[in-house]
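Colleague: I would like to see how this sequence folds:
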Amino acid sequence: MSDHASSMLWLGVSVILFITACAAANLSSQLGSALELRSQREEQSEGRISRTIEVETPQRIKGTQVIQTIRMNLQEGISVQVDGLEYDVYSEPFEPDVSTLDASSIYAIYPQRNGNGDITSVRFEKLGED
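Modeller: Numbering: from 1, shown residues only. Reported below is the predicted structural model:
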């Protein structure tokens with residue numbers, strides 16, 4: 001084989017290897033971005049799942065915590081309902097009338113959420129005395 005033919009063969013092999021390396025790098029980049037997108041979707045999905053599970057199991061809290069929760073939620077614009085009595089965002093947020101609540105009672109808390117998982121209102125039901 002002549003020098004010219006040998007050089008052309010090496011050039012052809014080099015070009016093929018270069019094109020293959022570029023294609024592999026491009027494929028690797030696309031694969032990395034696809035994996036990143038999938039992991040972000042899974043994280044968002046897991047957040048929705050945990051919030052949904054959280055809604056189904058009511059927590060039990062004391063009456064004093066209910067009073068504090070009413071004040072905090074009203075300041076953030078979230079309506080609160082306790083045993084049918086509505087404390088909405090138009091109530092006085094810093095000093096709502098909580099005189100009818102029994103601080104020594106135990107209450108179950110039921111947060112209501114919108115489609116994004118944000119709390120829109122909170123409902124409390126009295127379970128009994130502590």
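Colleague: packing partners for the strand or helix carrying residue 17?
Modeller: Using DSSP states H and E, residue 17 sits within helix 3-56. With contacts defined as 3 or more CB pairs under 8 Å, 6 or more residues apart in numbering; DSSP states H and E, the packing partners of helix 3-56 are strand 105-113. For the C-beta atoms, the positions are set from N, CA and C on the backbone; glycine is no exception.
Colleague: buried stuff in the strand it packs on?
Modeller: Neighbour counts using 16 or more other CB atoms under 10 Å place 105, 106, 107, 109, 111 of strand 105-113 among the buried residues.
Colleague: now stretch 62-73
Modeller: Applying 16+ other CB under 10 Å to stretch 62-73 flags 63, 65, 66, 69, 70, 71, 73 as buried.
Colleague: which pair of the buried residues of strand 105-113 spans the longest distance?
Modeller: 105 and 111 (19.1 Å; CB to CB).
Colleague: so, low pLDDT: which residues of this protein?
Modeller: 1, 44-58, 89-94, 130 (pLDDT under 70).
Colleague: just give me the longest strand of it.
Modeller: Counting residues, the longest strand found in the chain (DSSP state E) is strand 119-129.
Colleague: how distant is that strand from the center of its chain?
Modeller: On the basis of CA atoms, centre = their mean, to the nearest Å, strand 119-129 is displaced by 22 Å from the centre of the chain it belongs to.
Colleague: who does that strand pair up with?
Modeller: Neighbouring strands of strand 119-129 in its sheet, by DSSP bridges, are strand 79-82 (parallel), strand 105-113 (antiparallel).
Colleague: out of those strands, flag the one nearest residue 32.
Modeller: The nearest among the strands paired with strand 119-129, by CB to CB, is strand 105-113 at 34.1 Å.
Colleague: relative to helix 3-56, how tilted is the closest one?
Modeller: Angle, strand 105-113 to helix 3-56, by axes from the mean of the first three to the mean of the last three CA atoms, to 10 degrees: 140 degrees.
Colleague: and strand 105-113, how far out from the chain middle?
Modeller: 20 Å.
Colleague: now stretch 104-115
Modeller: Worked out by CA atoms, centre = their mean, stretch 104-115 lies 19 Å from the chain centre.
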